[in-house]
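Chemist: this one's sequence-less:
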């Protein structure tokens, strides 16, 4: 049987996994809101970010309590430190989903996304969801090999990001400057979201091995 | 006389202040490189980011040693935890200066910045430098009142950021989509840089008071 101390550490893991679930849902709804110009869905992403922030605040408080009372060492110390970092990254991912949703809201009832860009945005959203879901599994399983695999999905995100710029800069781009700005920012939000998911997975590697992946 | 433990904590503060100095220099050079289309200066920002990363790695190692050996409590525990967060923010600010410098490099020998935008970019660079310098002073002095003042400078940054968008979206904008994309990204980099500086200052408030500023 595990003692109270280790149960607290486990509960920290559970909360981080829950955060990955919330921010996956957020980016999923944000992508749909963007593609469908769905205002209520965009509003739901914006208002429900509070849940992500509250969960992170809970995690921070637990970590503080744990450190002050238990003075963890070795892998347990790495657990609380990485939990703090993972929480910071996941909280930021929630913010980035909100940024995407806000563009959808700003352009409603129009869609911010011209037809020829839709499939790229859809794919970026899908990869974002894949990355955060994999990151969540790694946090739960502490599977180092699985954590290293996220880099490949992140490369796919970078390719989509470059494709997005090629689309905006194509000679036949006829939507002018404003949609180009929207899409530049949206592309950046997805790219950052993916980057934070990769950081979460890398922190799993650090947690387990004590060494940073190169 | 201070003991070895407290000297280690002080040295952590010193290293964080040094990080603020390095990333202030980085954004200053990046802004000039951008405005003057100065390739060697842009290259210097990109190559010297390694110094920022190395210093952060040193800070991370010290923190780990400290936590494992000394098991700090109360304000000392807040010090090591906030140091980790401040270091993360400052490291990111270095990356953002690199992003600015890379736009300068990409457009060289042209300037990425059309004449009518120059003064806004210059001001964004100046506010970024002011913010990080103030953040560095707050880290050194642990002055909570001074730390709260950064919000005002950050508001000024947000106003400049909005002005930038108004410029790009103005009817008489004649530079087309590519410069609009560059400027959208550059504006975002400065805005994020400022945001991270504000976070560093807020962590000073937390360090001293144990409570997050609202």
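Modeler: Nice, thanks for sending it over. These figures come from a predicted structure and were not determined experimentally.
Chemist: Any idea which residue of chain A lies closest to chain B?
Modeler: Proximity of chain A to chain B (C-beta to the nearest C-beta) peaks at residue A:71, 4.0 Å away. Bear in mind the C-beta positions are built from the backbone N, C-alpha and C, glycine included.
Chemist: Isn't residue A:192 up against residue A:97?
Modeler: No - at 10.7 Å, residue A:192 does not count as touching residue A:97 under the criterion of C-beta atoms under 8 Å.
Chemist: who has more neighbours, those two?
Modeler: When residue A:192 is set against residue A:97 and neighbours are counted by other C-beta atoms under 10 Å in any protein chain shown, the residue ahead is residue A:97, at 32 against 18.
Chemist: can you pull the contacts of the spatially closest residue to that one that is not a sequence neighbour?
Modeler: Among residues not flanking residue A:97 along the chain, residue A:26 sits closest, at 3.6 Å (C-beta to C-beta, 6 or more residues apart in numbering or on different chains). Applying C-beta atoms under 8 Å, 6 or more residues apart in numbering or on different chains, we find residue A:26 in contact with A:45, A:48, A:49, A:52, A:93, A:94, A:97, A:98, A:101.
Chemist: Got a ChimeraX select line for the buried ones in those?
Modeler: Filtering those down to the buried ones (16 or more other C-beta atoms under 10 Å in any protein chain shown) takes a single ChimeraX command:
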select /A:45,48,49,52,93,94,97,98,101
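Chemist: In helices, which of the contacts of residue A:26 fall?
Modeler: A:45, A:48, A:49, A:52, A:93, A:94, A:97, A:98, A:101 (DSSP state H).
Chemist: I'd guessed the first one sits against residue A:32; true?
Modeler: No - with contact taken as C-beta under 8 Å, residue A:45 and residue A:32 are classed as non-touching, separated by 9.5 Å.
Chemist: need the residues of chain A near chain B, please.
Modeler: Contacts of chain A with chain B, taken as C-beta under 8 Å from any C-beta of the partner chain, map to A:64, A:67-68, A:71, A:73-74, A:77, A:81, A:84-85, A:88, A:165, A:168-169, A:173, A:176-178, A:180-181, A:184-185, A:188.
Chemist: go again using 6 Å as the cut-off
Modeler: A:67, A:68, A:71, A:73, A:77, A:169, A:177, A:178, A:180, A:181, A:184 (C-beta under 6 Å from any C-beta of the partner chain).
Chemist: ok, so what distance separates the residue nearest the centre of chain A from residue A:211?
Modeler: Centroid check for chain A by C-alpha atoms, centre = their mean gives residue A:93 as the closest residue, at 3.8 Å. In this view, residue A:93 and residue A:211 are 25 Å apart by C-beta to C-beta, to the nearest Å.
Chemist: Residue A:110: what secondary structure?
Modeler: Put simply, residue A:110 is coil when judged by DSSP: H, G, I helix; E, B strand; the rest coil.
Chemist: need the contact list for the nearest residue to it once chain neighbours are set aside.
Modeler: Of all residues not flanking residue A:110 in the chain, residue A:37 sits nearest, at 6.3 Å (C-beta to C-beta, 6+ apart). Residues near residue A:37 by C-beta atoms under 6 Å, 6 or more residues apart in numbering or on different chains: A:108, A:109, A:111.
Chemist: List only buried entries from these.
Modeler: Buried among these by 16+ other C-beta under 10 Å: A:108, A:111.
Chemist: how about the helices of chain A, start to end?
Modeler: Under DSSP H, chain A gives helices at A:4-36, A:39-70, A:74-107, A:118-141, A:144-148, A:150-169, A:177-209.
Chemist: Which residue in the contacts of residue A:37 has the weakest pLDDT?
Modeler: Lowest pLDDT among these: residue A:111, with 93.
Chemist: Leaving aside the residues adjacent along the chain, what's closest to that residue?
Modeler: residue A:37 is the one closest to residue A:111 (C-beta to C-beta, 6+ apart), at 4.2 Å.
Chemist: tell me the phi and psi of that neighbour?
Modeler: Dihedral angles of residue A:37 (phi, psi; degrees, to the nearest 10) stand at phi 50, psi 50.
Chemist: just to revisit the earlier point, please render the helices of chain A as CSV that adds distance to residue B:10 to the earlier fields.
Modeler: Shown next, in CSV, are the helices of chain A (distance: least, C-beta to C-beta, whole Å):
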stretch, distance to residue B:10
helix A:4-36, 31
helix A:39-70, 21
helix A:74-107, 21
helix A:118-141, 35
helix A:144-148, 36
helix A:150-169, 38
helix A:177-209, 27
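Chemist: I'd like the ones you listed as JSON lines, with mean pLDDT appended.
Modeler: Below are the helices of chain A laid out as JSON lines (pLDDT from 0 to 100):
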{"stretch": "helix A:4-36", "mean pLDDT": "96"}
{"stretch": "helix A:39-70", "mean pLDDT": "94"}
{"stretch": "helix A:74-107", "mean pLDDT": "95"}
{"stretch": "helix A:118-141", "mean pLDDT": "98"}
{"stretch": "helix A:144-148", "mean pLDDT": "95"}
{"stretch": "helix A:150-169", "mean pLDDT": "96"}
{"stretch": "helix A:177-209", "mean pLDDT": "96"}
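Chemist: Nearest to residue B:117, out of those helices?
Modeler: Residue B:117 sits nearest to helix A:177-209 of all these, at 13.2 Å, using C-beta to C-beta.
Chemist: got the contact list for residue A:103?
Modeler: Contact partners of residue A:103, counting by C-beta under 6 Å, 6+ apart, are A:112, A:182, A:186.
Chemist: what's the last one in contact with, if anything?
Modeler: With contacts defined as C-beta under 6 Å, 6+ apart, the neighbours of residue A:186 are A:100, A:103.
Chemist: can you do 7 Å?
Modeler: A:100, A:103, A:121 (C-beta atoms under 7 Å, 6 or more residues apart in numbering or on different chains).
Chemist: hmm, back to that, give me the pLDDT value at the residue nearest to residue A:111.
Modeler: Residue A:37 carries a pLDDT score of 97 in this model.
Chemist: picking that back up, which one, of the helices of chain A, ends up nearest to residue B:60?
Modeler: Set against residue B:60 and scored by C-beta to C-beta, those come closest in helix A:74-107, at 9.2 Å.
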